[in-house]
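Q: mind looking at a prediction? Sequence and model below.
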Amino acid sequence: MPITRLLIANRGEIAIRIGRAAADLGLRSVAVHSRDDARSLHVRATDEARGLPGQGAAAYLDADAVIAAAKASGCDAVHPGYGFLSERADFARLIFVGPTPEHLELFGDKARARTAAVAADVPVIHGMDRAVSLQEAQAFFASLRGGAMIIKAVAGGGGRGTRAVFSEAEIDPAYQRCRSEAEAAFGCGDVYVEQYIPRARHIEVQILGDLSGAVTHLGERECSIQRRFQKIIEVAPAPALDDELRYRIIEAAVRFAKSVSYTNLGTFEFLVDVTGQADAQPFVFIETNARLQVEHTVTEEVTGVDLVQAQILLAQGSTLNELGLGPEPTLRGYAIQARVNMETVEADGSIRPGGGMLAAYEAPSGPGVRTDGFGYTGYRTLGAFDSLLAKVIAHSPRPNFAASVTRAARALSEFRIDGVDTNIPFLHNILAHPDFISGQVHTRWVDDHIAELARTVESRQRYVELPRAGAEAGFAGARVKSRDPLALFEHDAAMKAEQQAARPAGDEIADMIGPDGSAGIASPIQGMIVAINVAVGNEVRPGQQVAVVEAMKMEHVITAPRGGIVRKVTMTVGDVVREGFPIVFVRETGVAGDIVEAAEELDLDQIRGDLRESIERHALTLEREPTGGGGKAAQERIPDAAGEHRALGRSRLLQRILATGCSAAAPAPRDGRATQEHPGGRRRRGHLFDQRQPVRRDPFARRGGAL
Amino acid sequence: VVVHYDYTVLAGTQGHRNHYKQDRMFELAHRFRLPVVLFGEGGGGRPGEDYIGPRVAIDTPTFTTFSRLSGLVPLVAIVNGRTFAGNTALVACSDVIIATEGSTLGMGGPAMIEGGGLGVYTPEEVGPMSVQVPNGVVDILVKDEDEAVDVARKYLSYFQGSLASWEAHDQRRLRHAVPENRLRLYDMRDVLEIIADKGSVLDIRPKFGVGIITALIRVEGRPMGVIANNPHHLAGAVDSPGADKAARFLQLCDAFDIPILSLIDCPGIMVGPEVERTALVRHCTRLFNVGANITTPLFSVVVRKAYGLGAQAMLGAGSLVGFFSIAWPTAEFAGMNIEGAVKLGYRKELMAIDEPEARREEFDRRTAIAYDNAKAVNAVTGGGIDDVIDPVDTRRWIVNGLRRLPPVLPRTEKKYPYIDPW
């Protein structure tokens, strides 16, 4: 059943990737975009583009709207890409470029997938695939007989609501913590438990199946380089993997796929236990991703097969045989994919999301280098979407892994991205690490080495970078060590040595929509962030303080206009934020409490400390000392003449200050200088005329009246 | 004198007959010293009027007679609707422009724009209030013409003298108006509101030059002009629009002998390459030339920061200019921002310390000392400020100052040659 027109139900780099494959097949394609995403490059990668109602990810998740767009534009097929609707069985309508709805349902249900694996004689990781009580979690831990357990949020993803447990005593607190995190992040506190392998390599097998029931594989990939369960660098084939074990894993994946008559493209994921325990299973099945994956590129490079074209042809009814895919692929060398994300990894391992306007975007090239991305100069990134900006794929046909690592590092050093901070320095640190080059990594390796990997290492930039002021990323002025009082001068000296160049003027509209349609809370003023009072996952009430920005020494308290859950924090204490740039993104929810009451009752008669100090200082100038001639002191005579009295003479007080400093000046008697009544000071009462002359009198009680 | 263009007659355009009538009215206003209220709506000069012979069309005396009133009598302009060209010229030469929300105001209307080959626009696209209010052209935006008339009456009242009856707010609130935590913000308009007689504040150009508040108020019935820093904008630093606004307001008050109150919370003149691009150098210094030369009394009250040239600008060029210059206990005094002063002043000492944290500690220590010295009760003992007062007495100081000033003798000549439209 040939496809006449293909709708691509995705955005960013993967939508472009699919658009290219369709164009190369001579197939017309249609892109979709949310209202805020019309300037994304993927919109131009097809023959036509359609707007979706709504903004942000929600627009791409609206299955009915996407299908409506497909029908309106005359499409008879849809390719979902990855993420969004790609694994939703109810979306598999028209000609769906992917497996059948039955497969999507089977592999979308952890328990059924595990049962099917066992039925195909594939070893599985033990676990309870449903919301569990604390008692059930404890019983499951006991059944592992000394093994570790992991608690995960049912609604989870991204590592939130996830904790590994190694002893009986840890279960209760970890269980409660996961529940509360899951509740805060996803609005559902349910958690499940699974056996945890402390040291494991992530190995996955690329499977293809046609409608006749034939199944084959295109070898494996290794995705052990992960940061908090997010893949960062992927490799094909897995380096330093025992060939016997490799064969057994691939064989298990193919057997499993055949047992369910898997169709189209899918990835069967396994963990290889490298903990070193004698009785451990060497590898276990964890899950199947019934879709195209981010890291499909490395398989393409080493096999020479265009997987997206293969997907489309298989969906049209082509057989594996027709595609020239036999039982075993021919592999050439190694390929590495590095994910360039719009984020920076801080020294403490935390991730700071980036974004802004791309002032420059120049992708690397040359033999064996491929970049799948969607950036272009002038593009303003959107926080509402995934942070992936580009994938740099390096392939070396040479049989040693190190050759491809060298090529990947070279390619990354050519990648010029200005205006938006990325994780490229972090990727460089991983590629340069001996453990990575020798294949001695596991899924916790990045977390274990984070301090080492997050540090700043100077590396050669193989492109020309013009100096920029950095305003595009939301930072005002140069970024210097604000704790150092001399940073100002050091920066000045550094900049004088450099040629100033004009920076491009971009529109300064900040992206105010964040993940899940959360709304940004912006700083009303350009200034330095002195406090951030919330973290991702926290619940905030309307009116609650979320951050304090200091500008010109004044503290602006930034409060949440509405209640909800914090989804993203863009900056940290010490950063200088541009006016109108969102600092915190909050997803509005109905569960927030009352408006925080700020105002307290004012006691109008209260004399504050600062005023009391002033009153006490004034009292000192009114102290009486013996007079020389028996007359009145100036402080007493002026009120006689002018009504009330106001004393200003403070010379002796001043002498004390000069000698001892301000704080020690308090107990000083008044001086011997003329005291004067300021005409503005006090109202004169009970006189015949409105006296307007300042009254001056030399106080003879002091130094015989000498001035 | 009220002069009112009639939009129902040829769109309020200016013909020979209405120029003639206006000239008569403006001459009377001049001779008898009468304030003028001008309802300015209209399309400007009227092309296509009956041919009256050869003419150059730039000899209309109305613009001269009207401009010669500037500085002599208060000139109030009201804009309601479409106002362009010649009508705008008269409006803009007034002391104050009051405009209604739906109005559009511009030098050139759609016909002139199109005639210049510059495209086709609707009148509402040319000079809407969303443009003409924040850019400082319109002084006071009102809902409709009724409110415009009320505001015009109120505005003129400050030029008519004192009121016998008035009500004061509870002055104890002033003790709490400025937070004790010196970093926390507050609303300067609250301070202004409490000091003024109830219902007596008229904010002039509130949406323009927002760093300095300019307002007319009364204290015990006596009219005063107020300039006050707005700490919500650049922490109260003086920038170009704020300086322009305050400088013109000072001249307006001075021209009509209205005493001025300055409420100061100013960390300096704004700094940085962005503001220098606005020709800040020449804008902010207008406050010095104006302030040092006004003869109407200036009463200065430092409520919090008084740093450097910015504070001087607010003090009429220096703290000795005012009839009195007083401070609240929350005041602090310095030549520039205190951290910056410590960095510059102790640069060598700080450089001698290699260990970063020790360097920071020494910096923090010196900064703490500098802040203590800057505190009102300490700094003021050196002179330059007349006293540190209980905020509750602020109004009393103002009233006593006003009472002790000699009455202004009636003027036979203009004090200022004109009020600058900007």
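A: That came through, no problem. Numbering: from 1, shown residues only, chains lettered A, B, ... in the order given.

Q: burial count for residue 86?
A: No chain was given, so I picked chain A. 23 (other C-beta atoms under 10 Å in any protein chain shown). Yep, even glycine has a C-beta here, placed from its N, CA and C like the rest.

Q: the chain in question should be chain B.
A: By the measure other C-beta under 10 Å, the count of residues near B:G86 is 21.

Q: same deal with the one 3 residues further on?
A: The tally of other residues near B:A89 (other C-beta under 10 Å) stands at 19.

Q: just give the closest residue to it, not the sequence neighbours.
A: B:F63 (6.2 Å; C-beta to C-beta, 6 or more residues apart in numbering or on different chains).

Q: can I take it that that neighbour is in a strand?
A: No: checked against DSSP: H, G, I helix; E, B strand; the rest coil, B:F63 lies outside a strand; its state is helix.

Q: tell me the spacing between it and chain A.
A: Relative to chain A, B:F63 is positioned 40 Å away (C-beta to the nearest C-beta, to the nearest Å).

Q: do I have it right that that residue meets B:L90?
A: Yes: assessed by C-beta atoms under 8 Å, B:F63 is found in contact with B:L90 at 7.0 Å.

Q: so where do the helices sit in the stretch 1-150 of chain A?
A: For the stretch 1-150 of chain A, applying DSSP state H, counting those that start in this stretch gives helices covering A:12-24, A:56-60, A:63-72, A:101-108, A:110-119, A:134-143.

Q: contacting residues for B:L350?
A: A:P485, A:L486, B:K343, B:R359, B:E362, B:F363 (C-beta atoms under 8 Å, 6 or more residues apart in numbering or on different chains).

Q: give me the pLDDT for it.
A: B:L350 is assigned 91 on the pLDDT scale.

Q: okay, buried residues for the helix or strand harbouring it please.
A: Per DSSP states H and E, B:L350 falls inside helix B:347-351. For helix B:347-351, burial by neighbour count (16 or more other C-beta atoms under 10 Å in any protein chain shown) applies to B:L350.

Q: equivalent analysis for stretch A:129-138, please.
A: Using 16+ other C-beta under 10 Å as the test for burial, stretch A:129-138 gives A:D129, A:V132, A:A137, A:Q138.

Q: so which residues of the stretch 1-150 of chain B form strands?
A: For the stretch 1-150 of chain B, applying DSSP state E, counting those that start in this stretch gives strands covering B:2-4, B:36-39, B:75-79, B:82-84, B:96-100, B:104-106, B:140-142.

Q: chain center to the fourth one, what's the gap?
A: Using C-alpha atoms, centre = their mean, to the nearest Å, the mean C-alpha position of strand B:82-84 is found 25 Å from that of the whole chain.

Q: contacting residues for the residue in the stretch 401-550 of chain A positioned nearest to chain B?
A: Residue nearest to chain B within the stretch 401-550 of chain A: A:P485 (4.2 Å; C-beta to the nearest C-beta). Contact partners of A:P485, counting by C-beta under 8 Å, 6+ apart, are B:E339, B:V342, B:K343, B:L350, B:R359, B:R360, B:F363.

Q: which one of these is nearest chain A?
A: Distances from chain A to the contacts of A:P485, taken as C-beta to the nearest C-beta, are shortest for B:F363 (4.2 Å).

Q: farthest-separated two in the contacts of A:P485?
A: Across the contacts of A:P485, no pair lies farther apart than B:E339 and B:R359, at 13.8 Å, counting by C-beta to C-beta.
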